[in-house]
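S.K.: how would this look folded up:
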Amino acid sequence: MAAAIGYELVDCGDGRRLERLGERLIDRPAPTAADARRSIAAWDQADLRFDRERGWTGGDEAPWAVDLDGVRLELRPGTAGQLGVYPEHVEFWPWLRDRVRDRPAARVLNLFASTGATTLTLAAAGAEVTHVDGARGAVAWARRNADLSRLADRPVRWIVDDALGFTRREARRGRRYDGIVLDPPTYGHAPGARWTIDSGLGELLDAVAGVATEDAFVLLTAHQTGLEPIDLAAALAAAFGTPGEMTADPIVLTATSGAVLPLGAAARMIRA
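M.R.: Numbering: from 1, shown residues only. Here you go, the predicted structure:
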């Protein structure tokens, strides 16, 4: 599987995004791309296109790989239009690397860790990472990415489990983490119940606070429409008390065309 370098948001608009991921140009849905497209001619060059009614069309759907800010990732067209990478998370990697480098052998808990790009970034920076995702296939994919990135020998625990249940058990075991990264979905299926970020975020963050060291750093991202950065900051403050440092920002990608794609909200804190 050949690897090609990089990511580029070429354009977005009319409910879609046009992205160059290594060697392929991908056209797929983006509900938050509310404005009109700008680079009209570029869309005709897409190698693959996803529509919810027809699935993937246009070309070769075989897996390929990209190099993204120091990690190599396997991409493959998924049944819901996903590819196995979330490029909006890359902007937070320098902050995470700085936090890890300040703490040799930092223990970091990555919840809802998906296919592992952030886990591998943390591991490459020297962290001992516990990677947790409820989907067995996502964890297997993350481990393939570790092999591709030549990071399979790094200290990563690969866990298939419910994030809330696992975190509570870690608290009972007395395990503590220097950093916590979490990207909870809008909704999910917890054991015995359907989980939603609206009703469950506070409970989740209370559990996270129970495994955080006294000076832990936390990165919380979310992608639900209507959930603002100030909401995430308030939720962190409610769970952890007044932090030593808090930053909250919208998550956006800016296209080469100049179009802006909103993708959620983020809050970062360092506990004091």
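S.K.: measure the closest residue in space to residue 97 that isn't next to it in sequence to residue 152 for me?
M.R.: Setting aside the residues directly before and after it, residue 97 is nearest to residue 125 in space (C-beta to C-beta, 6 or more residues apart in numbering), at 4.4 Å. Placement of C-beta: from N, CA and C, glycine included. Distance from residue 125 to residue 152, counting by C-beta to C-beta, to the nearest Å: 16 Å.
S.K.: which residues touch the nearest residue to residue 59 once chain neighbours are set aside?
M.R.: Leaving aside its chain neighbours, residue 59 sits nearest to residue 47 (4.8 Å; criterion: C-beta to C-beta, 6+ apart). By C-beta atoms under 8 Å, 6 or more residues apart in numbering, residue 47 lies in contact with 24, 25, 26, 58, 59, 60.
S.K.: same check on residue 158?
M.R.: 131, 139, 142, 143.
S.K.: ok so, going back, how near is the residue nearest to residue 59 to residue 8?
M.R.: When residue 47 is compared with residue 8 (using C-beta to C-beta), they lie 14 Å apart.
S.K.: low-confidence ranges, the stretch 151-272 of the chain, go.
M.R.: For the stretch 151-272 of the chain, the stretches flagged by pLDDT under 70 are 189-193.
S.K.: what about the helices in it?
M.R.: For the stretch 151-272 of the chain, the helices defined by DSSP state H, counting those that start in this stretch occupy 163-172, 197-209, 229-240.
S.K.: counting by contacts, list what the shortest one packs against.
M.R.: Just to be clear, that refers to helix 163-172. Judged by 3 or more C-beta pairs under 8 Å, 6 or more residues apart in numbering; DSSP states H and E, helix 163-172 is in contact with strand 107-111, helix 197-209.
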